[in-house]
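Visitor: A predicted structure for the sequence below; I have some questions about it.
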Amino acid sequence: MVTGAHTVFSCSTSFLNGRKCIFCGPFKTIKTSRGYVKRMLCGKQKSLTRLCREIAILQGFYQQQPAYRLASDWGLDAKTVTRVYQRLRMALFHTAELEGARLSGEIELDESYSGGSRKGQRGRGARGKSIVFGLLERDGRVYTKVVESVSAQTLMNHIQNHTRKGSVYHTDAFRGYQSLQRYGKHLVVNHSLKTL
């Protein structure tokens, strides 16, 4: 995930691209009698059951399945899956930070409230939640950042620093995005209007 760094799941992603060696990439792997995947040249092995579980967690993360549901479906510990999800989010964050390039083209913007053990109100009025602001370049990269508030000034600083001027911005009707027209075309999706 992070360029130049070995991660626990790099073997799973290479395996998803075809029957490749889960350690160094080239093809020519075999399945052993005890259910392991083995590379014919280097002789390294990995449990196929464990590999399938890792692939399932990656797919669950990609499909935005909640950790507790994925853990329940696969008979895993929910804390383990949550920890893996956090590591994947950290890898995505560090990749976005290291790239440093500005997003351009059609960009979707939104904020999300996550975390906190307290039950109760959801969304903007919730207490004990972390605010995560995200920028998604359609068919491209993503940038996320934990922010202190969703004030217009905070959001505009992140937008100005991480997007190119002249992009097309897709947002909801939140007031904090009203001054986006200064940076490019601003298209608003009103979630309160029901379409047939």
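Guide: Yep, that arrived. Residues are numbered from 1 along each chain as shown.
Visitor: Just the CA trace of the biggest helix by length in the chain, in CSV.
Guide: Ordering each helix of the chain by length in residues (DSSP state H) puts helix 78-99 first. Coordinates of the C-alpha atoms in helix 78-99 are reproduced here as CSV (Å, rounded to 0.1, in the frame of the first residue of the first chain):
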residue,chain,number,x,y,z
ALA,A,78,-14.2,-7.9,15.7
LYS,A,79,-11.3,-6.2,17.4
THR,A,80,-8.8,-7.8,15.0
VAL,A,81,-10.8,-6.7,11.9
THR,A,82,-11.1,-3.2,13.4
ARG,A,83,-7.4,-3.1,13.9
VAL,A,84,-6.7,-4.2,10.3
TYR,A,85,-9.2,-1.6,9.0
GLN,A,86,-7.3,1.1,11.0
ARG,A,87,-4.0,0.0,9.6
LEU,A,88,-5.4,0.2,6.0
ARG,A,89,-6.8,3.7,6.7
MET,A,90,-3.4,4.8,8.0
ALA,A,91,-1.7,3.4,4.9
LEU,A,92,-4.2,5.3,2.7
PHE,A,93,-3.6,8.4,4.7
HIS,A,94,0.2,8.2,4.5
THR,A,95,0.0,7.5,0.8
ALA,A,96,-2.1,10.6,0.2
GLU,A,97,0.2,12.7,2.4
LEU,A,98,3.4,11.4,0.6
GLU,A,99,2.1,11.9,-2.9
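Visitor: Any figure for the gap between the residue lying farthest from the centre of the chain and Lys46?
Guide: In the chain, the residue that sits farthest from the middle, by CA atoms, centre = their mean, is Ser33; the gap is 36.2 Å. Distance, Ser33 to Lys46, by CB to CB, to the nearest Å: 15 Å. Every C-beta, even on glycine, is put in place using the N, C-alpha and C of the backbone.
Visitor: coming back round to it: need the per-residue pLDDT for the residue farthest from the centre of the chain.
Guide: What the model reports for Ser33 is a pLDDT of 76.
Visitor: Just the element for it, please.
Guide: Using DSSP states H and E, Ser33 falls within no helix or strand.
Visitor: again, but for the one 10 residues further on
Guide: When elements are defined using DSSP H and E, Gly43 is found to belong to no helix and no strand.
Visitor: go on, Ser112?
Guide: strand 106-114.
Visitor: name the helices or strands packed onto that strand?
Guide: Contacting strand 106-114 under the criterion 3 or more CB pairs under 8 Å, 6 or more residues apart in numbering; DSSP states H and E are the following elements: strand 130-137, helix 152-162, strand 168-171.
Visitor: show me where pLDDT drops low in the chain?
Guide: 1-29, 39-42, 96, 98-100, 116-127, 191-196 (pLDDT under 70).
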